[in-house]
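1. Build me a model from this:
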Amino acid sequence: MHILLADDQPNVCSALRLLLEQEAGLSVIAEAGNSRELLATMEGDCPDLLLLDWELPSGKGAELIPALREKCPELVIIALSSRPEARQAALRAGADDFVSKGSPPQEVIAAVKKYQRPNEV
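-> Purely as a prediction, here's the structure:
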């Protein structure tokens, strides 16, 4: 499964990359620190899954999801936020799932693996 990370905090991206790449079948293919980088990164091939910081600079999640879906209709989007109360807004805006940044690492892995196809393991 090819994963794109979008978060403006390099330490968050590094931690997520380290966590995800320890799992069989998961590969982080790119990182983006703002919405412009994210959209530019997605001009090429579409990743399978996007971990999207809900408060990403220069374009909040609710504004980005329609553009992301237009570019990559099959893209799975998991919204991340340090504000658990953002969950409903993210899901209403079209995110497939939501994980609080304060959640244990196992919850991030579980959310991602929920969308992993059997042949990607």
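2. quick one: pLDDT of the spatially most central residue of the chain?
-> Residue closest to the average C-alpha location in the chain (CA atoms, centre = their mean): L51, at 0.9 Å. Looking at L51, its pLDDT reads 97.
3. what bridges to it?
-> Under DSSP bridges, the beta-bridge partners of L51 are L5, I78.
4. Sort out which residues of the helix or strand bottoming out on mean pLDDT in the chain are buried, please.
-> For the chain, the helix or strand with the lowest mean confidence is helix 61-71, at a mean of 89 (criterion: mean pLDDT, DSSP states H and E). Neighbour counts over helix 61-71 (16 or more other CB atoms under 10 Å) mark 61-62, 64-65, 68 as buried. For glycine as for every other residue, the C-beta is placed from the backbone atoms N, C-alpha and C.
5. Kindly export it (C-alpha atoms) in PDB.
-> C-alpha atoms of helix 61-71 as PDB (Å, rounded to 0.1, in the frame of the first residue of the first chain):
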ATOM      1  CA  GLY A  61      -9.000  19.500   5.100                       C
ATOM      2  CA  ALA A  62     -12.500  20.400   4.300                       C
ATOM      3  CA  GLU A  63     -11.300  22.600   1.400                       C
ATOM      4  CA  LEU A  64      -8.800  20.000   0.200                       C
ATOM      5  CA  ILE A  65     -10.900  16.800   0.100                       C
ATOM      6  CA  PRO A  66     -13.000  17.700  -3.000                       C
ATOM      7  CA  ALA A  67      -9.800  18.600  -5.000                       C
ATOM      8  CA  LEU A  68      -8.100  15.400  -3.800                       C
ATOM      9  CA  ARG A  69     -11.200  13.300  -4.700                       C
ATOM     10  CA  GLU A  70     -11.200  14.900  -8.200                       C
ATOM     11  CA  LYS A  71      -7.600  14.000  -8.800                       C
END
